[in-house]
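1. generate coordinates for the sequence data below:
(2 chains)
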Amino acid sequence: MSGSSRSIRVPYAHDGLDEDGERIPDIPILYIALCSERGRARGPAIVDTGFDGGIYPNIKVIKILEGLKPLRTKRIESPLYEPIECEIYSVEAALLDRGSGQQIPLGTVNLYIPTEPEYLSNEVLIGREILNKLDIRLNGRWTEIKTR
Amino acid sequence: MVKKISISIPEELLRLLDEAAEEEGVSRSRLIVEAISSHLAGRRGRLREPRIYPTVLWKLRAYGGRRLRSPRRVGRRIEDEWIIEEYQGSICT
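-> Now for the predicted structure:
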């Protein structure tokens, strides 16, 4: 690297074996921090280029939005099911470099929270609303983000 | 005013219904009416709880969690946990 640019590299998360004992492909992840008026949350998010939105949170993250009103509702397409109605919230977000402990601000991002409990995910997803603004490289072992 | 309706009911549930009606000494219709009344009263009570946002938290509380384990729900795959800081609200069960 040269100048003031630097990069964050996050190793893929292992996904174990399937029912046939075959290894499931590892998962590209990033560590992010989210901040609302009610609290802060930080943890791993799956890099999901198939998700149109910004962040699809899990129940832990949703709790830092308790009592806050959504900006609006929006239906997002699911490739497997019918369209999912989501409430959209705006929060401050940052990428976390767990090695150095530094944060790289992402600015304001949209959280898409399903209104039906059955669509809750245990994992947090980070989608193209955010990914498309990043210089990102996936090589099967690392997720690498270059910043300037 | 009482109206007659026709409903479909699984055979096993009908058997249990008839057993319960006999035990309580009431008619099948009476027991069905009581069961529906009780269900609707509980539902009205749950829906009267003040709405909170996000809606999904309100629904989880109103219905006491997911009604069924949904096959749509994706399980945990990443080992690292999320950490919540400065959270001031109550815990949603």
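2. what number of residues lie near residue A:111?
-> 26 (other C-beta atoms under 10 Å in any protein chain shown). C-beta coordinates here come from the backbone N, C-alpha and C atoms, glycine included.
3. same deal with residue B:12?
-> 8.
4. need the pLDDT of it.
-> Note on residue B:12: pLDDT of 88.
5. so it sits in a strand?
-> No - under DSSP: H, G, I helix; E, B strand; the rest coil, residue B:12 sits outside any strand and is assigned helix.
6. distance check, it against residue A:87.
-> Distance, residue B:12 to residue A:87, by C-beta to C-beta, to the nearest Å: 40 Å.
7. how about residue A:44?
-> Distance of residue A:44 to residue A:87, given as C-beta to C-beta: 23 Å.
8. and what of residue A:13?
-> As judged by C-beta to C-beta, residue A:13 and residue A:87 stand 28 Å apart.
9. quick one, which of these two is more surrounded?
-> Neighbour totals were compared for residue A:13 and residue A:87, and residue A:87 leads with 22 against 18 (other C-beta under 10 Å).
10. which residue is nearest the middle of chain A?
-> Nearest to the mean C-alpha position of chain A, by C-alpha atoms, centre = their mean, lies residue A:126 at 2.6 Å.
11. and the nearest residue in space to that one that is not next to it in sequence, how many neighbours?
-> Spatially, and ignoring its direct neighbours in sequence, residue A:126 is nearest to residue A:45 (4.1 Å; C-beta to C-beta, 6 or more residues apart in numbering or on different chains). Other residues near residue A:45 come to 28 when the count uses other C-beta under 10 Å.
12. give me the pLDDT value at residue A:45.
-> 96.
13. show me what it is bridged to.
-> Beta-bridge pairing of residue A:45 under DSSP bridges involves residue A:30, residue A:124.
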